[in-house]
Every structure is written in C-alpha cells, then in structure tokens.
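**Student:** What shape does this take:
(chains A, B, C and D)
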2 protein chains.
Amino acid sequence: MISKACKYGIRAALFVASKAESGEKLNVKEIAREVEAPEAFTAKILQTLNKHQIITSLKGPYGGFFIEAYQLDQPVIHIVNAIDGMAIFKECGLGLKNCNEKHPCPMHFKYKEARDALYNAFQQTTIGQLASDINGGNSFLSNLQVDSCL
Amino acid sequence: MISKACKYGIRAALFVASKAESGEKLNVKEIAREVEAPEAFTAKILQTLNKHQIITSLKGPYGGFFIEAYQLDQPVIHIVNAIDGMAIFKECGLGLKNCNEKHPCPMHFKYKEARDALYNAFQQTTIGQLASDINGGNSFLSNLQVDSCL
DNA sequence: ACAATTTAGGACAAATGTATCCTCTATAAA
DNA sequence: TTTATAGAGGATACATTTGTCCTAAATTGT
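**Tutor:** Down below sits the predicted model:
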C-alpha cells in the first residue's frame, strides 16, 4: 500500500510539525531518533519533503528542519504524493491498466470504496491537525517503550 | 498494498473459477495468457494456490488446474492470505509496531476505517460470486484490446 | 515399459525498494 | 577569513520482490 519510506516521511513531517510553535529547528539525528527510522534514510526522505515544500530546511550551524505556518495547512496526502505519488489512489485492485466503471475488474466497486476512504482520510486531514493531536497527547509517533525492569 | 503476485493470483483463481461449470482443466499457459501475467511466475503462484487449496491441480496429460464446488464458496481473502498473508489488514498505517486504540498513531482511526473496508470487501465476497459476475459479462479479468487498425 | 504431457520445485537472474557512506555546499559565529 | 555545523546529493550496498529456466515427479495413452 504505502511504502516504508512514505510512512517514515509522514512520521518525520508530523514530528517536525509538532514542534512548529517552539520555533526550534530539528536536525536529522533528532528526527530519526524520535520517529525510529534509520538516520541516513531519513535524511533522504527529509530532502524530498523539503523539495516538495512539505517542510523547510536551513543549512549550517543552528540549521535543521522546521515547518512554516502555511505548510501546516497542507493535507497529509501531499506527503504521500511527494514520496509515493498518487498512483495508489487510482490503481485497480487487481492490477488492470484499463479498469473503470464501464469495464470493471471483479473487485472494482468494493475496492474503489476502500481506496476512496483512504484517499479522503489523507486528503481531508491537514498536517497541522495531526500535529495538534500529538501535542495534545491524543496520538503518538513512536512505539511505547516497555520498561522490562519493573 | 497488495503485491503484484497476489493480484495475478486473484485473477488466475477467478479465471479458473469462471470455468468451473465446463469441467475443463486449464494449463498454466492458458491461464497466464488470459490474465496477462508472465507464464513462469504464474506457475509459481498457481502452485501456491494449490497448496492452500484455493484451486486444485492434476499432473500429466489432460491435467491442469480446476476448481471444485466447495472451493467456490471460499472468500477471496483466502487468496490474499495464501500469497501475501493477513498482515496488511492489521498493520498500522504509519508503520508503528505498537499502534492501537489505546496508543494510536495520528492516522489510526481514519486509516483503520479504510483498512477494514478492504478487509470486508475481501472477506464477504466469495470466489464463486466473482466468477458468476465474470460469466455474466458484468466484470472482466483482462484489459480491453484496443484495435489500432480501424 | 515407454513416450508424451503437465505440474512441482529448486536454482538463479533482474528489478525495485531500503539503507549506508562519503563528499560537496551553504550558513553562522568567532 | 577561518572553522565548525548541518543539509544536499551522488555512489554504492543490501534486501525483497518479481521473473526465468531447468530438472524431477506424476499421470495418461500406446
């Protein structure tokens, strides 16, 4: 469905977004640690997100990644588009090139429903909304640390 | 989302199912041609489907693949399970190991809705139902051939 | 028994996705 | 201007998925 790179990308973007108010800039190491993604790979992904203006970067000392106000209003689907493209939201569930209402594959109508639900979920939700959820303690970007010594 | 192998597998299984009444056995070449999948790769997939008792095979002359009555009543999700496993229907949309209602990722609830819709689509539909649709001319397993010389 | 046919299955090759490493460039402070 | 810091980007390595090829095993008719 969604690539690993894209999932890392969404988590990274949301982490950066969750720090928007503080005004601080985050470097690759901090972001990778927080979202539990490989550092070098995360760097590549952040590069892509910057090029697509999902987040903003600044080189040099005191540089790093941050998000600007207007970027908080972008829908999460922009992140998916930047990394994986929009194909998943259009593709046939059985892999046919030429599948549509007039010439449907056997799963067309039911598959389309699920696919559209996913599209709407990503389209109607903004990066800023999800960042608020995180800051409000209503959702999380990394796995629970189960402390094994209690 | 669903692997290419799995999509070939569903198409192949449905094609075999659509021929259930005729009683004929289909060989790899016929199936691969019909569903527009690479022949050798299709052979592997049919092997998997046979092992999981989605379809049945018979070696030797006049052998091939066919589907038995009880197999027509299996839900399509059995095919997905045989090839890709059930992980996609359970996994977190952002790739977290530990994502649930109590400790949700930022996309959890909306993603779960789409994921469950997909699960239901595959769970509630049987191979036989889709085969009927095909035989009734209501759905198709391969791309339209656009005749370029008219 | 033998030959012909068709699936089973192992080994291997190609393509894609994931991940790392190293150097270059930009920026900021001293 | 120099030095330290941090992202940009190319090259490369590794893993998984996709796809091919060849031989073995099973079945049927002669």
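
**Student:** Ignoring the adjacent residues along the chain, who's closest to the residue in chain A that DNA strand D sits nearest to?
**Tutor:** Nearest residue of chain A to DNA strand D, counting by C-beta to the nearest atom of the strand: A:Asn27, 3.2 Å away. To be clear about C-beta, it is placed using only N, CA and C from the backbone, and glycine gets the same treatment. Of all residues not flanking A:Asn27 in the chain, A:Gly64 sits nearest, at 4.4 Å (C-beta to C-beta, 6 or more residues apart in numbering or on different chains).

**Student:** Can you give me the neighbour number for the residue of chain A closest to DNA strand D?
**Tutor:** A:Asn27: 14 surrounding residues under other C-beta atoms under 10 Å in any protein chain shown.

**Student:** what sits against it?
**Tutor:** If you count contacts by C-beta atoms under 8 Å, 6 or more residues apart in numbering or on different chains, A:Asn27 has them with A:Gly63, A:Gly64, A:Phe65.

**Student:** Quick one: the strands in chain A, in order.
**Tutor:** Applying DSSP state E to chain A gives strands spanning A:56-58, A:64-66.

**Student:** could you check the distance from the residue of chain A closest to DNA strand D over to A:Ser18?
**Tutor:** When distance is defined by C-beta to C-beta, to the nearest Å, A:Asn27 is 16 Å away from A:Ser18.

**Student:** Determine which stretch of the strands of chain A is the most buried.
**Tutor:** strand A:64-66 (a mean of 21; mean count of other C-beta atoms under 10 Å in any protein chain shown).

**Student:** touching DNA strand C at all, that one?
**Tutor:** No - Strand A:64-66 stays clear of DNA strand C (C-beta under 7 Å from any atom of the strand), getting no nearer than 10.7 Å.

**Student:** contacting residues around that strand?
**Tutor:** Against strand A:64-66 from outside (C-beta under 8 Å, 6+ apart): A:16, A:19-20, A:23-28, A:30-31, A:46, A:50, A:55-58.

**Student:** picking that back up, take the strands of chain A and lay them out in JSON lines including mean pLDDT and distance to A:Phe140.
**Tutor:** Shown next, in JSON lines, are these (pLDDT from 0 to 100; distance: least, C-beta to C-beta, whole Å):
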{"stretch": "strand A:56-58", "mean pLDDT": "98", "distance to A:Phe140": "24"}
{"stretch": "strand A:64-66", "mean pLDDT": "98", "distance to A:Phe140": "20"}
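
**Student:** Please identify which of those is closest to A:Met86.
**Tutor:** strand A:56-58 (23.0 Å; C-beta to C-beta).

**Student:** Could you spell out the sheet neighbours of the closest one, each with its direction?
**Tutor:** strand A:64-66 (antiparallel) (DSSP bridges).
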